[in-house]
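Asker: Mind looking at a prediction? Sequence and model below.
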Amino acid sequence: MVDDNPLDHLIVKRICKSEGLFEKMQHIENAQDLLDAFKTNGNNNTHIPDIILLDLQMPQISGWDFLERLKLIYQQIGKKIDVHILSSSICVLDQERSMNYLFVKNYLVKPMTRGKLRQLYADYCN
């Protein structure tokens, strides 16, 4: 999960713990940290996430910036990564724009709920 808001991290952590979902989830507040991890780990797929929950509105590197940078290196990662946008924006244009990235699979509006996380987990397991 990449989100600059600690409260959103807490919500997702508590839901995952109580529901037994995504036991190896990592929480990152700065998108640059994840981009750096991609560069550091190269093709070591054990250190590359399968799924990313991504906030769009963040300081320094926004979710949009992250998506653009991921698009440039996605082929070199050597692993399929599904990005799920988790945003407070209900703007249809944001939703449509996010779907222009082939690796973006879903657009979820905050707050995260048990139902949304259960569905995400079920989709991941299938």
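Answerer: Received, thanks. Numbers count the residues shown, from 1 in each chain.

Asker: what about the helices in the chain?
Answerer: Secondary structure of the chain by DSSP state H: the helices cover 6-19, 31-41, 63-77, 92-98, 114-125.

Asker: got CSV for these, with distance to I85 and mean neighbour count too?
Answerer: Placement of C-beta: from N, CA and C, glycine included. Converted to CSV, the helices of the chain look like this (distance: least, CB to CB, whole Å; neighbours: other CB atoms under 10 Å):
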stretch, distance to I85, mean neighbour count
helix 6-19, 13, 14
helix 31-41, 13, 15
helix 63-77, 7, 16
helix 92-98, 5, 14
helix 114-125, 12, 14
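
Asker: Could I get these in a markdown table, plus columns for distance to N106 and mean pLDDT?
Answerer: A markdown table is the format used below for the helices of the chain (distance: least, CB to CB, whole Å; pLDDT from 0 to 100):
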| stretch | distance to N106 | mean pLDDT |
| --- | --- | --- |
| helix 6-19 | 15 | 96 |
| helix 31-41 | 18 | 89 |
| helix 63-77 | 14 | 94 |
| helix 92-98 | 9 | 97 |
| helix 114-125 | 7 | 94 |
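
Asker: Using JSON lines, lay out those together with distance to H84.
Answerer: As requested, the helices of the chain are arranged in JSON lines below (distance: least, CB to CB, whole Å):
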{"stretch": "helix 6-19", "distance to H84": "11"}
{"stretch": "helix 31-41", "distance to H84": "14"}
{"stretch": "helix 63-77", "distance to H84": "11"}
{"stretch": "helix 92-98", "distance to H84": "10"}
{"stretch": "helix 114-125", "distance to H84": "6"}
